[in-house]
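Trainee: Turn this into a model:
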Amino acid sequence: MAEEKGDREPMIQVLIGTVLFSVGGVLCLFLKEKFKSLTFISFAALAQLFILPGVIRILFSGGQIDIPIVFSEPIGISFLRLDPLAALFALIISFGVLLAAVYSHGYMKMYAGQTAELSSYYFFLGLMATSMLLVVLVQNALHFLIVWEMMSLSSFFLVNFEHHKEEVRKASIYYLVAMQIGAAFLIAAFGWSSALTGSLDFHSYKSVLGNSGPYSVYLFILFFIGFGTKAGFVPLHTWLPKAHPAAPTGVSALMSGVMIKTGIYGILRILLLTGVPDYRLAYGVLFISILTGLYGIAYAIAQTDIKKMLAFSSIENIGIIGMGIGVGMLGLVYNNTPVAALGFISALLHTVNHFIFKSVLFFGAGMIYSQTHTRDIEKLGGLNNYLPLTSVMVLIASLAISGLPVLNGFISEFTLYIGMAKSFSIDNIAVNIAALVGLSGLALIGAMALVCFTKIYGICFLGTPRSEIHFRPEKQEYPLLLPMTIFVIAIAVIGVFPNLAIRFIAAAAGLFFPAVSHTVMPEILSLMTTISFSVGLFLAMIVLIFAVRMLLLRKRSVEIFKTWDCGYQKESSRVQYTGSSFAQPILQLAAELVPQKVQVHKEQELFPAHASFESHTQDFSERVLIQPSIRMLNSFLNRFSWIQSGRMQQYIIYGLIFLVFLLVWIWSGR
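Mentor: The predicted structure is shown next:
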């Protein structure tokens, strides 16, 4: 049984904030349409006043607060725990929901007049926020599964917001089924653990999850599959590219930046109970994560739907986070404090970083969709002329997610590089090979990410429009721009001052290896100080170059000429690169992994007036694993279709047989 530590004030503050999200959502059911969004934003902002002081206090003190809640048997005492790991994820969740609500104030105007739908939107948004916060606080298996299902069901209704569209209904059902499959593995894992320990309390699972437990490997695999389905590890990822495009953009950003991180939280929480993991699990997590990262970014490059592209990119970033966890696990296995520290720090830091820059990218995609009513990048182009502020912020987020210096993505990926490089200090050939594969994989992921987001930005914002689009003035969309601006500032601050971010997550990382705060953290902070100095020097050089350029051109006239077009006088946007043609050289190298279906329509004439070319990708995992499994299941279930006869008398007989069986079972038990 866990002991209560410290006063309860931070926990009480977080719980009040947690409830306020749901209160705001419930009130939106009864208010007029024009008051719904502002009411929810007000309650979400009020929740921050309670949650932020509580979680920041825990993050910097490294303390832990347990509050027992007494239930009747067989549940008994259930604990809510606020420790640095829970505090970090609670901060991400609460702040993410607030900015998603602010964004929704502007974005959801396109659904004006649909009062019932908007009521349900804010109600389920509040329920989703509350359930996610409770997921990171609850320490009882039964209660955890209840709030986990609340999170899945509330997000299902949000994905299904535009339920009048067939593709949305299909995507939401697919998502719900995937979540129930993941939940089934969690039920099996928690049920088995509880049967072995005789308790539903997480703390009691240490005895069976520890390396000395006979079932520890099997239990961890069950937990990893259950939580990995939510996080989006390959091959459990297939719901993401379907659900993210179907949901309203505010929800897409929340699901990608925040909700899938609850899967990462679950894996980390189980690792805390495991202690030193089995070496096979460490290698397994690392290599699954490398595969996830490469798979996700390869499919992201192939997409032409901007939200589907961002969904696959989220899979890639989950892979990077998983690589950090895998490196940290290897450090624990071989008792190497620096490797463990760098691995877990990179995982937690990239969790925060991905939340920040992926939110900007989804919000930018929503701004594009609200103006153009298309997500197909092949129909876009030249948006820099119409959405200059959005263009700048999407560019910064694209550079950050590509892991380029000066911005936050570079810091977490660089920390992971250092962690894998230090793995060579471990005198074990298997670890050295794993580190070499990890370094190569991360470098390849970074290069492909740069290609992917060059494609997104270049095709959407540069060049000329590929179709006729009517724009509203961008400055009128301040609710959409404000959250993006806040996140972009965070991208720059973490990139320039990485020490701040490292200190912020140090206590959470220290839970996995307590010695980190005394032996390794000064070295890591010194490294970050060097990076910060280098970044400052680099920025100063850029400013100096631009200053010299402006000085030299001050008294000279600058003329702008049209780009040389080889003598062609009739311009056409069709001669520009498309997203598909830009990605084709990369996709040819991965043709077996990323198969494409090509449709060519060409008139059989010497000089055809019209021709078209379309290419589509089908998820390899879905084609090879998911669809055959569904066909096998359908074939098996069809054997029992005779049960569904449509005759009421037959159904009554089934019920009577079941009751007789139940009575016999109860009687025999006595």
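Trainee: Please state the offset of the longest helix anywhere in the chain from the chain centre?
Mentor: When the chain is parsed with DSSP state H, its longest helix is helix 337-372. Relative to the mean C-alpha coordinate of its chain, helix 337-372 is positioned 8 Å out (CA atoms, centre = their mean, to the nearest Å).
Trainee: Average pLDDT for that helix, rounded please.
Mentor: The pLDDT scores in helix 337-372 average 93.
Trainee: for stretch 461-480, same thing?
Mentor: For stretch 461-480, the per-residue pLDDT averages 73.
Trainee: repeat for stretch 121-131
Mentor: Mean predicted confidence for stretch 121-131 is 95.
Trainee: Would you map out the domains in this structure?
Mentor: Following automatic domain parsing, the chain resolves into domains at 279-550, 580-617, 625-669.
Trainee: Least reliable of those domains by average pLDDT, please.
Mentor: domain 580-617 has the lowest average pLDDT among the domains of the chain, namely a mean of 72.
Trainee: three-state assignment of the residue most central in space within the chain?
Mentor: For the chain, the residue sitting closest to the mean C-alpha position, by CA atoms, centre = their mean, is S256 at 3.4 Å. At S256 the chain is in helix, as set by DSSP: H, G, I helix; E, B strand; the rest coil.
Trainee: just checking, it touches F362?
Mentor: Yes. If you go by CB atoms under 8 Å, S256 and F362 touch, sitting 6.2 Å apart. Backbone N, C-alpha and C define where each C-beta goes, glycine included.
Trainee: before we move on, back to that, can you say which of the domains of the chain is packed in most?
Mentor: With neighbours defined as mean count of other CB atoms under 10 Å, the domains of the chain peak in mean count at domain 279-550, which reaches a mean of 21.
Trainee: for that one, the distance to its chain's centre please.
Mentor: Domain 279-550 has its C-alpha centroid displaced from the chain centroid by 12 Å (CA atoms, centre = their mean).
Trainee: How about stretch 19-33?
Mentor: Worked out by CA atoms, centre = their mean, stretch 19-33 lies 26 Å from the chain centre.
Trainee: The chain should start at 34 in everything you say after this.
Mentor: In the new numbering, first residue 34, that becomes stretch 52-66.
Trainee: So which bits of it are buried?
Mentor: V52, L53, F54, S55, V56, G57, G58, L60, C61, L64, E66 (16 or more other CB atoms under 10 Å).
Trainee: where do the strands sit along the stretch 484-633 of the chain?
Mentor: Applying DSSP state E, counting those that start in this stretch to the stretch 484-633 of the chain gives strands spanning 629-635.
Trainee: no no, the chain
Mentor: Taking DSSP state E to define them, one finds strands in the chain at 98-103, 110-115, 629-635, 644-650.
Trainee: Let's have those strands in JSON lines, adding distance to Y207.
Mentor: Shown next, in JSON lines, are the strands of the chain (distance: least, CB to CB, whole Å):
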{"stretch": "strand 98-103", "distance to Y207": "36"}
{"stretch": "strand 110-115", "distance to Y207": "33"}
{"stretch": "strand 629-635", "distance to Y207": "20"}
{"stretch": "strand 644-650", "distance to Y207": "17"}
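Trainee: Out of the ones you listed, which gets nearest to T72?
Mentor: strand 110-115 (27.5 Å; CB to CB).
Trainee: how distant is that closest one from the center of its chain?
Mentor: In terms of CA atoms, centre = their mean, the centre of strand 110-115 is found 26 Å from the chain centre.
Trainee: Stretch 261-269 now?
Mentor: On CA atoms, centre = their mean, the centre of stretch 261-269 falls 11 Å from the chain's centre.
Trainee: Quick check: end-to-end length of it?
Mentor: End-to-end distance of stretch 261-269 (CA to CA, to the nearest Å): 7 Å.
Trainee: Please report how far the closest residue in space to L53 that isn't next to it in sequence lies from I323.
Mentor: Computed as CB to CB, 6 or more residues apart in numbering, the closest residue to L53 that is not its neighbour in sequence is A80, at 4.1 Å. As judged by CB to CB, to the nearest Å, A80 and I323 stand 38 Å apart.
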